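Enquirer: Sequence first, then the predicted structure:
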Amino acid sequence: MDIAIIGTGRVGRVLGERWAALGHRVCFGTRTPEAAADWVQEAGATVTQPAAAAAAADVVVLAVPGTAAEAVVETLGDLSGKVLVDCTNPLRSDRTPLPEQSAAERIAARVPGAHVVKAFNTTGSQNMANPVYPDGRLVMPICGDAADAKATVAALAEALGFVVMDNGPLRQARALEAMAFVWINQAYGQGWGADFGFSLLRR
């Protein structure tokens, strides 16, 4: 599968490196590709400008700061028919949530032809590198309006070791973003650190 990772921060880098190791064709999109050339090559991926990366991909992963997400997605060109994975959270500088409509819904409104799926926003990059704990695997909730797109993203998450929980339509992104705020506050506000996550228990 051809996957574009838009952004070279911790989340995007971990996801891209792991998917490349699993045999997917990964291209990072960044405004300064030359700055990432060395580690991208070591990861078995490629790097180019964001719009070019998105144009060649089946799945586009938006892994940029939440405050920049809407502006960035508008620079990616026509995303019609592509799966767009929104990993962002609309955070203030003090790591508290913005009260408006979810980031995923606002992004979807700007790219009406894309199949937006909210995923990979409820935990940190350390858990994306390894979601397996002694007592089990961490859960990755996802939501979106297109069943085929969700199935694609679910398969990518399961390949990383997550247990996937389908949380329904894209409007449920508000709940997933709230879940992210709980993790972020516990990790950094309450001093737990990043080595914990949410799991799913069922009777």
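Expert: Great, that's in hand. Numbers count the residues shown, from 1 in each chain.
Enquirer: Model confidence for the spatially most central residue of the chain, exactly?
Expert: Compute the mean C-alpha point of the chain, and by C-alpha atoms, centre = their mean the closest residue is C87, 2.9 Å away. pLDDT for C87: 97.
Enquirer: Count the neighbours of the closest residue to it other than its chain neighbours for me.
Expert: Leaving aside its sequence neighbours, C87 sits nearest to F120 (C-beta to C-beta, 6 or more residues apart in numbering; 4.3 Å). For every residue, glycine as well, the C-beta is placed using N, CA and C. The burial count assigned to F120 is 30, neighbours taken as other C-beta atoms under 10 Å.
Enquirer: OK, contacts around F120?
Expert: Residues in contact with F120 (C-beta atoms under 8 Å, 6 or more residues apart in numbering) are V11, L15, V61, A63, V85, C87, M128, M140, A157.
Enquirer: ok, V111 touching V73?
Expert: Yes - counting by C-beta atoms under 8 Å, V111 does reach V73; the two are 5.8 Å apart.
Enquirer: between those two, what contacts are shared?
Expert: L79, L84.
Enquirer: tell me the contacts of A149?
Expert: V83, H115, V116, V117.
Enquirer: What average pLDDT does the helix or strand encompassing the third one get?
Expert: Taking DSSP states H and E as the criterion, the element that holds V116 is strand 115-118. In this model, strand 115-118 has a mean pLDDT of 98.
Enquirer: Only the buried residues of it, if you could.
Expert: Neighbour counts using 16 or more other C-beta atoms under 10 Å place H115, V116, V117, K118 of strand 115-118 among the buried residues.
Enquirer: Nearest spatial neighbour of A51, chain-adjacent residues omitted?
Expert: A51 sits nearest to G77 (C-beta to C-beta, 6+ apart), 4.8 Å away.
Enquirer: Next up, phi/psi of the one you found, please.
Expert: phi 80, psi -160 (degrees, to the nearest 10).
Enquirer: ok, it - contacts?
Expert: A51, A54, A55.
Enquirer: mind running it again at 10 Å?
Expert: P50, A51, A52, A54, A55, V111 (C-beta atoms under 10 Å, 6 or more residues apart in numbering).
Enquirer: do the same with A146
Expert: V83, A114, H115, V116, V117, T152, V153, P169, L170.
Enquirer: What separation do you get for the closest residue to R25 other than its chain neighbours and A114?
Expert: Once flanking residues are discounted, R25 sits nearest to D2: 4.9 Å by C-beta to C-beta, 6+ apart. The spacing between D2 and A114, counted by C-beta to C-beta, to the nearest Å, is 15 Å.
Enquirer: hang on, R106 is in a strand, isn't it?
Expert: No - counting by DSSP: H, G, I helix; E, B strand; the rest coil, one finds R106 to be helix, located in no strand.
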